[in-house]
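*Asks:* Mind folding the following:
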Amino acid sequence: MDFIQTLLITLVIFSVLVMAYAVMAGSGVAKAQKRRMQALRYRHSESVESKVDAQFKRAIAARKPKSFKVAGSGSRTEALAVRLNRTGKAWTVSQYLYTSLGLTLGVAVVMFVMSRAPVLSLGVGLFVGAGLPHFVVNYLINKRTNAFITKFPDGIELLVRGLRSGLPVTETLGIVATEVPGPVGYEFKSVIDRIKVGKTMEDALQDTGDKLGISEFNFFTITLAIQRETGGNLAETLSNLAEVLRKRGQMKLKIRAMSSESKASAYIVGSLPFLVFGAIMYINPDYMTTFFTDDRLIVAGLGAAVWMGLGVFIMAKMVNFEI
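*Replies:* Numbers count the residues shown, from 1 in each chain. Have a look, this model is predicted:
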């Protein structure tokens, strides 16, 4: 089997997997139609809770300007820049791309020197070069997001105490920026800096919410904006929001504890083939050398790795719950 045939078989495998994922995920048009039908059903429902929920959604939509655009929705480069910004590091898109390209070339050259298999070397190089930076960015985003969510209720309660003592909202935001450590204080400081340069508080909070992409902060932004428009006891509303966020965090921890067994099984099942391959390679290298030289075995190995990754992805989705 020559190189062209091997490459065509690999492309067919990847195409089948992509089409299967598209069928499982569903089209964006179908999802949009489902959302519109659900909103229409809520609008004409006789339930009081449904009507209140529909009115709340219309109020949120009404406060957004016509030119509002979600951060990162313009292009892939913009979306990547937003993701890098959410890590809290001063990384640029060019640095990320150069790092990915360097990893791809370096790993591909090392694998080619060791195995003399161009298809395997290119596949492993692309996998490491595209996957490792993406994994690192995801890890840093999740780490910073978890740190923010953990301290955010404390920041809201400090804001409530400041409001109950008679301080204005902007001054209490400054107190939160100086008193709460970690990402919460940093992001509230960025809100204060935007207000100082002439932005309104709603726009400053919206910019920070687009940067973070955290639902808890979006709840806070919407609550503060609606309360400023409609009036009412802002301290009491924020106090209730802090309590809701704490219960939300407790529920996430409970779900994590209940799904820990499934995650451990996924880790074991996902790592076992690679551990067995490495053990056999260490015990009898000549027996496993053909996986690096025979094109048929290379294609079979790549297909098995892709299927294994798809299985781990499905298991991860099964134990990941949205609250």
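
*Asks:* can you give me the helices for the chain?
*Replies:* Using DSSP state H, the helices of the chain run over residues 3-25, 28-43, 48-62, 76-86, 93-115, 118-164, 169-179, 183-196, 201-212, 215-230, 234-258, 260-283, 285-288, 295-318.

*Asks:* got those as TSV, with mean neighbour count columns?
*Replies:* Every C-beta, even on glycine, is put in place using the N, C-alpha and C of the backbone. Formatted as TSV, these follow (neighbours: other CB atoms under 10 Å):
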stretch	mean neighbour count
helix 3-25	12
helix 28-43	11
helix 48-62	12
helix 76-86	17
helix 93-115	15
helix 118-164	17
helix 169-179	17
helix 183-196	18
helix 201-212	19
helix 215-230	17
helix 234-258	15
helix 260-283	12
helix 285-288	10
helix 295-318	15
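
*Asks:* By mean pLDDT, flag the weakest helix or strand of the chain.
*Replies:* helix 48-62 (a mean of 53; mean pLDDT, DSSP states H and E).

*Asks:* separation between P181 and I192?
*Replies:* Between P181 and I192 the computed distance is 16 Å (CB to CB, to the nearest Å).

*Asks:* what pLDDT does the spatially most central residue of the chain get?
*Replies:* Centroid check for the chain by CA atoms, centre = their mean gives N138 as the closest residue, at 6.7 Å. At N138, the pLDDT value in this model is 90.

*Asks:* How about L120, nearest residue that isn't a chain neighbour?
*Replies:* Excluding its sequence neighbours, the residue lying closest to L120 (CB to CB, 6 or more residues apart in numbering) is I298, at 5.0 Å.

*Asks:* what's the spacing between the one you found and A130?
*Replies:* In terms of CB to CB, I298 sits 19 Å off from A130.

*Asks:* With M201 instead?
*Replies:* For M201 relative to A130 (CB to CB), the value is 40 Å.

*Asks:* Then T237?
*Replies:* 45 Å.

*Asks:* domains for this protein, by residue range?
*Replies:* 1-62, 75-253, 259-323 (automatic domain parsing).

*Asks:* Now tell me which of those the model trusts least on average.
*Replies:* domain 1-62 - the lowest mean pLDDT of the domains of the chain, at a mean of 57.

*Asks:* What is the burial count for A117?
*Replies:* Using other CB atoms under 10 Å, A117 is surrounded by 20 other residues.

*Asks:* Please tell me how far it sits from G123.
*Replies:* A117 is 9 Å from G123, where distance means CB to CB.

*Asks:* what residues are shared contacts of the two?
*Replies:* Residues within reach of A117 and of G123 at once, by CB atoms under 8 Å, 6 or more residues apart in numbering, are I298.

*Asks:* how about the nearest residue to T87, chain neighbours excluded?
*Replies:* Using CB to CB, 6+ apart, the closest residue to T87 is L140 (4.0 Å).

*Asks:* Next: M281.
*Replies:* That would be M288: by CB to CB, 6+ apart, it lies 4.6 Å from M281.

*Asks:* Check R86 too.
*Replies:* I141 is the one closest to R86 (CB to CB, 6+ apart), at 4.9 Å.

*Asks:* so what's that neighbour up against?
*Replies:* I141 sits in contact with 83, 86-87, where contact means CB under 8 Å, 6+ apart.

*Asks:* Likewise for A204?
*Replies:* With contact set as CB under 8 Å, 6+ apart, A204 has these partners: 191-192, 194-195.

*Asks:* for T104, same thing?
*Replies:* T104 makes contact with 125-126, 128-130, according to CB under 8 Å, 6+ apart.
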